[in-house]
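Peer 1: Could you work out the structure for the sequence below:
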Amino acid sequence: MSEGSTTNIVLVSNDGASITVDRAVAERSMLIKNMLEDLGDGVLSTPVPIPNVNEAVLRKVIEWAEHHKHDPVPATDDDSDSRKKTTDIEEWDQKFMQVDQEMLFEIILAANYLDIKALLDVGCKTVANMIKGKVSGGDPKNLQHHQ
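Peer 2: Residues are numbered from 1 along each chain as shown. Take a look at the predicted model:
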């Protein structure tokens with residue numbers, strides 16, 4: 001397989017939806033990237049099950065990954081400056097996270113499961129800013145316990 005070629009893979013959500021996505025986009029998820037590396041290129045024709053994520057959430061995660069596919073993979077250093085400042089969220093990401101609270105928490109859970117650190121950070125920063133009252137509709141009294 002040449003480096004310049006585009007390879008698609010099929011992800012299957014827990015509710016049975018098949019979503020075709022560019023491999024480079026899917027590999028924003030370290031879980032998927034490691035799985036593809038471990039199993040080799042033979043798995044590319046086989047749908048990849050994503051058992052903990054439903055179609056709506058998976059499509060949102062893919063939308064985020066598509067937008068950020070050319071971003072450098074963040075360092076694994078948890079003490080990096082970008083992780084410390086909760087108010088620093090790119091404008092596109094702020095708009096992306098303007099979803100209902102249930103979807104926001106589902107995105108955070110999916111980002112954690114799929115091991116997409118940058119998306120997990122954006123989701124957690126969004127919740128932190130809601131708690132601080134810095135996001136529209138971010139009245140801390142509106143935060144409900146998520147189960």
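Peer 1: List the buried residues of stretch 13-27.
Peer 2: 13, 19, 21, 23, 25, 26, 27 (16 or more other C-beta atoms under 10 Å). For the C-beta atoms, the positions are set from N, CA and C on the backbone; glycine is no exception.
Peer 1: For it, give me every contacting residue.
Peer 2: Residues from elsewhere that reach stretch 13-27 (C-beta atoms under 8 Å, 6 or more residues apart in numbering): 6-12, 32-33, 36, 44, 47-48, 50-55, 57-59, 62, 65-66, 69.
Peer 1: Of those, which belong to strands?
Peer 2: Cross-referencing the contacts of stretch 13-27 against strands under DSSP state E gives 8, 9, 10, 11, 12, 48.
Peer 1: What residues does the second one make contact with?
Peer 2: Contacts were defined as C-beta under 8 Å, 6+ apart; by that measure residue 9 touches 20, 21, 23, 26, 32, 36, 44, 48.
Peer 1: The last one reaches residue 33, doesn't it?
Peer 2: No. Using C-beta atoms under 8 Å, residue 48 is not in contact with residue 33; the gap is 11.2 Å.
Peer 1: Please identify which of those two sits among more neighbours.
Peer 2: Per other C-beta atoms under 10 Å, whichever of residue 48 and residue 33 has more neighbours is residue 48, with 20 against 17.
Peer 1: Return the mean pLDDT over stretch 71-91, rounded to an integer.
Peer 2: Averaging pLDDT along stretch 71-91 gives 66.
Peer 1: Show me which helix or strand of this protein is least confident by mean pLDDT.
Peer 2: Across the helices and strands of the chain, mean pLDDT, DSSP states H and E gives its lowest value to helix 81-84, namely a mean of 54.
Peer 1: so what pLDDT did residue 134 get?
Peer 2: Predicted confidence (pLDDT) for residue 134: 63.
Peer 1: Longest helix in this protein, please.
Peer 2: Across the chain, the helix with the greatest residue count (assigned by DSSP state H) is helix 117-132.
Peer 1: buried sites along it?
Peer 2: By 16+ other C-beta under 10 Å, the buried positions in helix 117-132 come out as 117, 118, 119, 120, 121, 122, 123, 125, 126, 127, 129, 130.
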